[in-house]
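Colleague: Next input, structure requested:
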Amino acid sequence: MLRLSEVKLSLDRTEADIQSAILKKLSIDPKDLIRYTIFKRSYDARKRGDVSFVYVIDVETTREKQLLQRFKKDPHIVPTPDTSYRYVAQATAKIEQRPIVIGCGPCGMFAGLLLAQMGFRPIILERGKAVHDRSVDTFGFWSKAKFNPESNAQFGEGGAGTFSDGKLYSRIKDAQHHGRKVLAELVNAGAAPEILYINKPHIGTYRLVKIVENIRNSIESLGGEIRFQSRVENINIENGQVCGVTLASGEYIPSNHVILAVGHSARDTFEMLHQSGVYIEPKPFSIGFRVEHPQSLIDKCRLGSQIGHPMLGAADYSLVHHCANGRSVYSFCMCPGGQVVAATSEVGRVVTNGMSQYERSGKNANSGIVVGITPEDYPGNPIAGIEFQRRLEENAFKLGGGTYEAPGQLVGDFLTGTASTQLGTVKPSYKPGVHLCDLSSSLPDYAIEAIREAIPAFDKQIEGFSMHDAVLTGVETRTSSPICIKRGADYQSLNTKGLYPAGEGAGYAGGILSAGVDGIKVAEAVALSIQKQ
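Modeller: From the prediction side, this is the model:
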């Protein structure tokens, strides 16, 4: 097949328009076109009010050889690459020790699925509950019910991504097309087929619940085992080699292949690994707030006269500003038509995140507005970033009134350093609720200074971004893991053989898609290692 790129069409294009564009680009007759499929569809939104589609299309034609020769100097007409997935190994009939996967977020889930598909019958250990029960606990907490530190927006089947919009795009290099495998499995589990080709695909929280359940069923049908409420208390290591894990219940499970796929909030696990001597390095992450604007304001600024077009939906944005104090401030995990959510996993701490449902029909747009920090900002041992996060989250809990309400402030008041006492036109979506105050003490001075400089700068790109009544909600501290558990080319820990650090918690991913891809890579490494034994 041939791959055609940079095929630009209007939002109101028809199937006939797509076919006509193919014929024109290749200069062929309709009889020479056998079929075509859309590989990718993105937007050209550089001109407000003149948004159009840009396609990458795979074309099967009777004249492929001649066309490749004719267009050999055209970078937009090339052979279609093979993106099909091929398993690297297959388990033998008898496996002495089954591989263990710790964590059932996107990374652990896809690592487990791949191992199961290759016949290795993995055991997946998840400290939280199954996704349905976990959802009951999480939504219950948001409705001011009891907080469960083992079942919440961070812990449980599906991981943190279950309550963060289900975004499925990433900037990682993916020469082996593992991302395509992740998307295909999500479609097999019930996701809309459009995620295979649209730019910035997302699933939505409610839909993710059923998809996660279906992937679990697939793993179990292939001989895998998933144990919920099974927190790993210790990873047993002898002479630099993993030999098994001990659960909080006291149960010991032997294995010399353990995939560590915990999320970025598994702080007690990081502390246990550090005490056990597993090599860890601190890494940069970001801190800040969630900001909420009327979605209509974002739509107007980004879409202009095309607001409401059924092919566009709610508009998003991506912003960055380099500040005079040397810091960078950027938008993070932007959620069109979404809500700000309570994402703590520890008692007496407040953490925010954002999510959207599939329809993205909420009144508010929200995004993290965060400042990059480095280990120089939190000197100490390799896991010092954890305590740094905790101090900010504990302070946010106190500023919010000590009831898991989040501290909040109107943008206009924040810019002038005035405590907010009354909401304006923007009603915050965070539950259990927002307690208005002065956020200037919620983050280090350099972060407050940088965000105060960045918001007016963002207003030059999105008019109204610094509107007085927009709401800031604090704090956002878990943009990524504060550590990196270093691994070698074989995907094993640098100093602990048989331990495979993976995903976001280990410092190797930054979202659902990249975490799923990393899970596949690590599962392949484990399968090849077992096969050699």
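Colleague: Kindly check the end-to-end length of stretch 413-430 for me.
Modeller: 19 Å (CA to CA, to the nearest Å).
Colleague: What residues of it count as buried?
Modeller: D413, F414, L415, S420, V426, P428, S429, Y430 (16 or more other CB atoms under 10 Å). All C-beta atoms are positioned from the backbone trio N, CA, C, and that covers glycine.
Colleague: mind checking how far the third one is from I287?
Modeller: As defined by CB to CB, to the nearest Å, L415 lies at a distance of 19 Å from I287.
Colleague: Over to V242?
Modeller: According to CB to CB, V242 and I287 sit 33 Å apart.
Colleague: swap in L186?
Modeller: Look at L186 and I287: by CB to CB, they are 31 Å apart.
Colleague: Also Y491?
Modeller: 30 Å.
Colleague: Those two: who's more crowded?
Modeller: Neighbour totals were compared for Y491 and I287, and I287 leads with 24 against 21 (other CB atoms under 10 Å).
Colleague: which residues does that one contact?
Modeller: V370, V371, I373, Q389, L392, L443, A447, V475, E476, T477, T479 (CB atoms under 8 Å, 6 or more residues apart in numbering).
Colleague: Among the buried residues of stretch 413-430, give me the pair with the biggest separation.
Modeller: By the measure CB to CB, L415 and S429 form the most distant pair in these, at 21.6 Å.
Colleague: Show me what N234 bridges to in the sheet.
Modeller: N234 has these beta-bridge partners by DSSP bridges: T246.
Colleague: Double-check it against C243; I have them as touching.
Modeller: No: using CB atoms under 8 Å, N234 makes no contact with C243, being 11.2 Å away.
Colleague: what comes up buried for the longest strand along the chain?
Modeller: With secondary structure taken from DSSP state E, the chain has its longest strand at strand 33-44. For strand 33-44, the neighbour count (16+ other CB under 10 Å) marks L33, Y36, I38, F39, R41, Y43 as buried.
Colleague: could you show me where the helices are in the stretch 301-450 of the chain, in order?
Modeller: Assigned by DSSP state H, counting those that start in this stretch, the stretch 301-450 of the chain shows helices spanning 384-399, 411-416, 445-459.
Colleague: ok, and for the first one, which residues are buried?
Modeller: Read it as helix 384-399. Applying a neighbour-count criterion of 16+ other CB under 10 Å, one finds A384, G385, I386, F388, Q389, L392, E393, N395, A396, F397, L399 buried in helix 384-399.
Colleague: How about the fifth one, nearest residue that isn't a chain neighbour?
Modeller: Right, the one you point to is Q389. T477 (4.5 Å; CB to CB, 6 or more residues apart in numbering).
Colleague: Run a quick neighbour tally on Q97.
Modeller: Residues within reach of Q97, counting by other CB under 10 Å, total 15.
Colleague: dump the residue contacts of the residue nearest to Q389.
Modeller: With CB under 8 Å, 6+ apart, T477 has these contacts: I287, V351, Q389, L392, E393.
Colleague: would the first one count as being in a helix?
Modeller: No: secondary structure assignment places I287 outside any helix; it is strand (DSSP: H, G, I helix; E, B strand; the rest coil).
Colleague: from memory E449 sits against G326, does it?
Modeller: No: using CB under 8 Å, E449 is not in contact with G326; the gap is 10.6 Å.
Colleague: Neighbour count for these two, which is higher?
Modeller: Shown here are E449 and G326; by other CB under 10 Å, E449 has more neighbours (17 against 9).
Colleague: which stretches of the chain have low pLDDT?
Modeller: 165-166 (pLDDT under 70).
Colleague: try 90
Modeller: Applying pLDDT under 90 to the chain flags residues 43-51, 92-97, 144-145, 160-175, 198-209, 304-305, 308-313, 356-361, 511, 532-533.
Colleague: which helix is the longest one in this structure?
Modeller: Scanning the chain for the helix with the most residues, using DSSP state H, yields helix 512-532.
Colleague: Just give me how far that one sits from the chain centre.
Modeller: Centre-to-centre, helix 512-532 and its host chain are 18 Å apart (CA atoms, centre = their mean, to the nearest Å).
Colleague: List the buried residues of it.
Modeller: 512-527, 529-530.
Colleague: Apart from its neighbours in sequence, what residue is nearest G288?
Modeller: Nearest to G288 is V370, by CB to CB, 6+ apart, at 3.4 Å.
Colleague: Does the one you found touch S286 like I think?
Modeller: Yes: at 3.8 Å, V370 and S286 qualify as touching, with contact defined as CB under 8 Å.
Colleague: Between the two, tell me which one has more neighbours.
Modeller: Comparing V370 with S286 by other CB under 10 Å, the one with more neighbours is V370, at 27 against 21.
Colleague: That one and V88, how far apart?
Modeller: According to CB to CB, V370 and V88 sit 37 Å apart.
Colleague: Also A160?
Modeller: 28 Å.
Colleague: do you know how far L499 is from D268?
Modeller: Using CB to CB, L499 is found at 17 Å from D268.
Colleague: Sorry, wrong one. I was asking about E504.
Modeller: E504 is 17 Å from D268, by CB to CB.
Colleague: With neighbour numbers in mind, choose between these two.
Modeller: More crowded of E504 and D268, by other CB under 10 Å: E504, with 28 against 16.
Colleague: who's in contact with the more buried one?
Modeller: In this structure, E504 makes contact with G105, C107, A160, G263, H264, S480, S481, G510, G511, S514, A515, judged by CB under 8 Å, 6+ apart.
Colleague: tally of neighbours for G105?
Modeller: Neighbour tally, G105, other CB under 10 Å: 32.
Colleague: and what of N325?
Modeller: N325, neighbours per other CB under 10 Å, totals 12.
Colleague: what about it, distance to V371?
Modeller: From N325 to V371 the distance is 10 Å (CB to CB).
Colleague: Pull up the overlap in contacts between those two.
Modeller: Common neighbours of N325 and V371 (CB under 8 Å, 6+ apart) are Y446, A450.
Colleague: If the residue nearest to G288 is in a bridge, with which residues?
Modeller: Listed beta-bridge partners, V370: G288, Y330 (assigned using DSSP bridges).
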